[in-house]
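> Prediction below, plus the sequence it came from.
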Amino acid sequence: MKKPLILLIVIFSLAALTACSGQEENEQNPATAETKVIVDALGREVTIPQEINSIVPLGNTPRMVAYLGLADKVSAISGFDADDVTPLTAYAYANKELWAELPSAGTDSFGNTDYYPEVIVSVKPDVIFCTYPADIVADIEAKTHLPVIAVSSGTLFGDDYQQSLRIIAEACGVAERAEEIINYIDDALADLAHRTAGISAAERPQVLSAAATFKGAHGIEGVRISDPLLQAVNADNVASGSFSGTAEAVEIDREQILLWDPDYIFCDAGGVALVQHDMHQNPQYYRQLTAYNDGHIYQYPSSTNYFANVELSLANCYFIGATLYPQRFSDIDLRDKVNEICAFFLGVTDYLTVLDNYGAGYGPVQIPQ
């Protein structure tokens, strides 16, 4: 009778020791149920908490975080001066009150990258998102001892942008919202392509994307060589293929614009004041342009402001399409369409009125007298 009793005592003792050992291990290493591993755009495996309540987004990720409906989880912000934010940085303007009191975690203006480790650590984020290369990611991790997930800045309307949205969404548990955004963009691009399909070369006016915003505002000589907006509506971009290299936008010799002599010129609103000043100073130059004489120099909200404005760019595509091919867009009310797009991405109603009041809406560039 004693042997079974002794055996039971041994079994219970071992079970107790195992339980204690497991408890000590769990205290030293967080349980896997409380963490998850995310593979970022650099192929790195990053361990983060299962539930994300605090974010520090750097580079172009503040915009992505806003689109994904995560603006209320931002603990420190980067990429712009909160006091000077304008409607042309739509995602930031839409959240300016929510983010008004947040500390600055860094800056990415005009192509300069800087970040503030002390500030980042002080707000105790669950995760840092960024669009930086591997060496800078490693530096941030070393200085903050916090998980950093790197994503691509993203090509406007590109697969790499979709990947970035999906990675951030997976980390924060909002995968469904990422798919909604991706589907919305894809559906809009398909609609634009369908509306502008089958137009012969003879029917397509020649178009120039000028006053482009890149590393600051530019006058008419700031030209987009490769413009996804013009591509989306099958427009004939006179600058396409004119320059070697990978730059999407460059400053060119103004005389080249005279040689191209496009039928239509579309300008970023951020550069329109420079164009108007130039018109006043050099009227003879502009009188040589068909687009000027026909009243076909237009402005739209800047497609780029602290990286690409996805919502404004998509809205701009509809404006360009409706301007070039009005019959094919006759069923589109531009005001309703712009507000629909901005409401979907930003959660703001009637954003076009905001842009109009700022002087950055849609229409012909006014010629100074």
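That came through, no problem. Owing to the predicted nature of the structure, the values given are computational and were not obtained by experimental measurement.
> Report pLDDT for Ala197.
For Ala197, the model assigns a pLDDT of 96.
> Any idea how far the helix or strand where Ala190 lies is from the middle of the chain?
If you go by DSSP states H and E, Ala190 is part of helix 175-195. Its chain's C-alpha centre and that of helix 175-195 lie 15 Å apart, by Cα atoms, centre = their mean, to the nearest Å.
> Would you agree Pro364 is in contact with Gly295?
Yes. The criterion here is Cβ atoms under 8 Å, and Pro364 meets it with Gly295 at 5.8 Å. C-beta coordinates here come from the backbone N, C-alpha and C atoms, glycine included.
> what's the burial count for Asn53?
12 (other Cβ atoms under 10 Å).
> How about the contacts made by Val348?
The contact partners of Val348, by Cβ atoms under 8 Å, 6 or more residues apart in numbering, come to 94, 342, 354.
> secondary structure element for the residue nearest to Tyr362 when sequence neighbours are not counted?
What sits nearest to Tyr362 in space, not counting adjacent residues and going by Cβ to Cβ, 6 or more residues apart in numbering, is Phe319, at 5.1 Å. Assigned by DSSP H and E, Phe319 belongs to helix 310-324.
> Report the angle between that helix and helix 175-195.
10 degrees (axes from the mean of the first three to the mean of the last three Cα atoms, to 10 degrees).
> Determine the set of other helices and strands touching helix 310-324.
If you count contacts as 3 or more Cβ pairs under 8 Å, 6 or more residues apart in numbering; DSSP states H and E, helix 310-324 packs onto helix 61-67, helix 90-94, helix 175-195, helix 228-232, strand 264-268, strand 297-300, helix 334-346.
> on that earlier part again, what lies in contact with the helix holding Ala190?
Contacts of helix 175-195 (Cβ under 8 Å, 6+ apart): 67-69, 157, 162, 165-166, 168-170, 232-234, 310, 314, 317-318, 321, 325, 328-329, 341, 344-345.
> One more: stretch 131-148?
Contacts for stretch 131-148 (Cβ under 8 Å, 6+ apart): 42, 44, 46-48, 58-61, 113, 115, 117, 120-121, 125-130, 150-154, 164.
> Could you list which of those residues belong to strands?
Judged by DSSP state E, the contacts of stretch 131-148 include 46-48, 115, 127-130, 150 as members of strands.
> Between which two of those is the distance greatest?
Spatial extent of the ones in strands among the contacts of stretch 131-148 (Cβ to Cβ) is set by the pair Thr47 and Tyr115 at 21.2 Å.
> got a list of what the closest residue in space to Leu312 that isn't next to it in sequence touches?
Distances taken as Cβ to Cβ, 6+ apart place Pro301 nearest to Leu312, at 4.5 Å, with adjacent residues excluded. Going by Cβ under 8 Å, 6+ apart, Pro301 touches 87-88, 90, 268-269, 309, 312, 315-316, 355, 360-362.
> Columns distance to Leu146 and neighbour count on top of those residues, output as CSV?
As requested, the contacts of Pro301 are exported to CSV (distance: Cβ to Cβ, whole Å; neighbours: other Cβ atoms under 10 Å):
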residue, distance to Leu146, neighbour count
Pro87, 33, 25
Leu88, 32, 23
Ala90, 29, 27
Asp268, 36, 31
Ala269, 38, 26
Asn309, 29, 24
Leu312, 32, 31
Ala315, 36, 29
Asn316, 37, 25
Leu355, 37, 24
Ala360, 37, 22
Gly361, 41, 20
Tyr362, 43, 22
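> Make JSON lines out of those and add distance to Val223 and pLDDT.
Below are those laid out as JSON lines (distance: Cβ to Cβ, whole Å; pLDDT from 0 to 100):
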{"residue": "Pro87", "distance to Val223": "24", "pLDDT": "96"}
{"residue": "Leu88", "distance to Val223": "19", "pLDDT": "94"}
{"residue": "Ala90", "distance to Val223": "23", "pLDDT": "96"}
{"residue": "Asp268", "distance to Val223": "11", "pLDDT": "95"}
{"residue": "Ala269", "distance to Val223": "16", "pLDDT": "95"}
{"residue": "Asn309", "distance to Val223": "19", "pLDDT": "95"}
{"residue": "Leu312", "distance to Val223": "19", "pLDDT": "97"}
{"residue": "Ala315", "distance to Val223": "21", "pLDDT": "98"}
{"residue": "Asn316", "distance to Val223": "16", "pLDDT": "98"}
{"residue": "Leu355", "distance to Val223": "23", "pLDDT": "97"}
{"residue": "Ala360", "distance to Val223": "20", "pLDDT": "96"}
{"residue": "Gly361", "distance to Val223": "22", "pLDDT": "96"}
{"residue": "Tyr362", "distance to Val223": "20", "pLDDT": "97"}
